[in-house]
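Q: got a structure for you, letters missing:
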């Protein structure tokens with residue numbers, strides 16, 4: 001864990017609108033105008049940088065998971081605080097029909113007990129300390145890395161909706177797209193949300209249920225880029241996100257020429273980040289969003 005993370009315990013993170021009166025005012029105006037319709041909403045969003053999404057392509061993989069336990073509220077708050085364009089997270093559905101944020105089918109890798117997510121109720125899953133593995137790997141105390149529970153997707157979405165710079169990309173790890181899209185619509189959060197995964201069925205379903213929500217199709221290193229481009233165009237996807245080892249300048253050129261956004265997953269090596277940026281990759285998933293943002297800033301100077 002970095003020194004900066006240690007000096008700001010997860011549950012004490014302050015987000016930009018909590019300390020900046022102008023940002024808070026912009027949020028209040030945006031929220032009020034959201035009731036008046038999309039035209040006014042767009043006007044307010046474009047009125048100043050306080051209410052514009054960042055558009056920097058930096059995607060905090062499972063939150064700022066290099067500095068906080070993955071797929072937890074502290075990791076998501078930190079991803080917003082460091083200035084990531086997108087927060088990426090994974091979802092499953094529980095035995096009692098709750099959409100929870102977690103990557104694996106079971107809790108054993110990250111937690112202090114091993115429960116099957118789909119076979120457990122949310123009340124049962126809340127008893128798992130999902131910060132356990134992170135704490136052990138980084139040799140931290142519970143004071144430095146407090147226990148964390150598995151959040152509901154709804155909790156994360158409501159937190160994200162309180163600001164207008166960072167969005168959230170939802171990766172369904174099970175057949176729960178319909179329920180997730182319904183929640184997004186219920187919360188009126190379409191402008192804040194995208195979906196990503198390699199499952200073509202799930203990603204197609206997103207576009208059928210909510211055509212305005214962008215889809216970022218995750219692909220492997222050795223995928224047939226020409227076939228994938230054709231499918232992505234036909235389905236109305238926004239981006240092709242390849243495993244970083246499969247990225248070449250020619251593939252990036254083809255993706256851009258097709259009107260799609262080229263992306264790469266999941267990149268934590270600064271040398272690889274620099275190479276991808278040089279090749280024109282626009283969307284990068286990383287556990288180290290602050291590092292990637294620093295490199296992008298240096299590149300633009």
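A: Received it, and whenever you're ready, just let me know what you need. These figures come from a predicted structure and were not determined experimentally.
Q: going forward, measure contacts and count neighbours with C-alpha atoms only.
A: Noted.
Q: which strand in the protein runs the most residues?
A: Counting by DSSP state E, the longest strand found in the chain is strand 86-93.
Q: so which elements touch that strand?
A: When contacts are defined as 3 or more CA pairs under 8 Å, 6 or more residues apart in numbering; DSSP states H and E, strand 86-93 packs onto strand 58-61, helix 73-82, strand 99-101, strand 167-172.
Q: name the residues that touch that strand?
A: 57-63, 71, 76, 79-80, 99-103, 105, 117-118, 153, 166-174, 176, 285 (CA atoms under 8 Å, 6 or more residues apart in numbering).
Q: okay, the helices and strands packed on strand 86-93, which one's buried deepest?
A: Scoring those by mean neighbour count under mean count of other CA atoms under 10 Å gives strand 58-61 as the most buried, with a mean of 30.
Q: can you give me the strands in this structure?
A: 58-61, 86-93, 99-101, 167-172, 193-197, 215-219, 239-243, 261-265, 283-286.
Q: what stretches of the protein score poorly on pLDDT?
A: 1-51 (pLDDT under 70).
Q: show me where it has helices.
A: For the chain, the helices defined by DSSP state H cover 3-6, 16-19, 21-34, 38-46, 73-82, 122-125, 132-137, 153-160, 177-186, 200-209, 225-235, 249-257, 270-279, 289-300.
Q: TSV please, covering those and showing distance to residue 243.
A: What follows is these, written out as TSV (distance: least, CA to CA, whole Å):
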stretch	distance to residue 243
helix 3-6	28
helix 16-19	32
helix 21-34	36
helix 38-46	33
helix 73-82	22
helix 122-125	31
helix 132-137	24
helix 153-160	26
helix 177-186	23
helix 200-209	16
helix 225-235	12
helix 249-257	12
helix 270-279	11
helix 289-300	17
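Q: out of these, which is the most enclosed?
A: helix 73-82 (a mean of 24).
Q: what angle sits between it and strand 86-93?
A: 160 degrees (axes from the mean of the first three to the mean of the last three CA atoms, to 10 degrees).
Q: counting by contacts, list what helix 73-82 packs against.
A: Here helix 73-82 touches strand 86-93, helix 289-300, going by 3+ CA pairs under 8 Å, 6+ apart.
Q: try it again at 10 Å.
A: If you count contacts as 3 or more CA pairs under 10 Å, 6 or more residues apart in numbering; DSSP states H and E, helix 73-82 packs onto helix 16-19, strand 58-61, strand 86-93, helix 153-160, strand 167-172, helix 289-300.
Q: and the spatially most central residue of the chain, what are its bridge partners?
A: Among the residues of the chain, the one closest to the centroid is residue 88, at 1.8 Å (CA atoms, centre = their mean). When bridges are called by DSSP bridges, residue 88 pairs up with residue 61, residue 169.
Q: same check, this time on residue 99
A: Counting by DSSP bridges, residue 99 forms beta bridges with residue 93.
Q: so it makes contact with residue 151?
A: Yes: with the criterion set as CA atoms under 10 Å, residue 99 and residue 151 qualify as a contacting pair; they are 8.9 Å apart.
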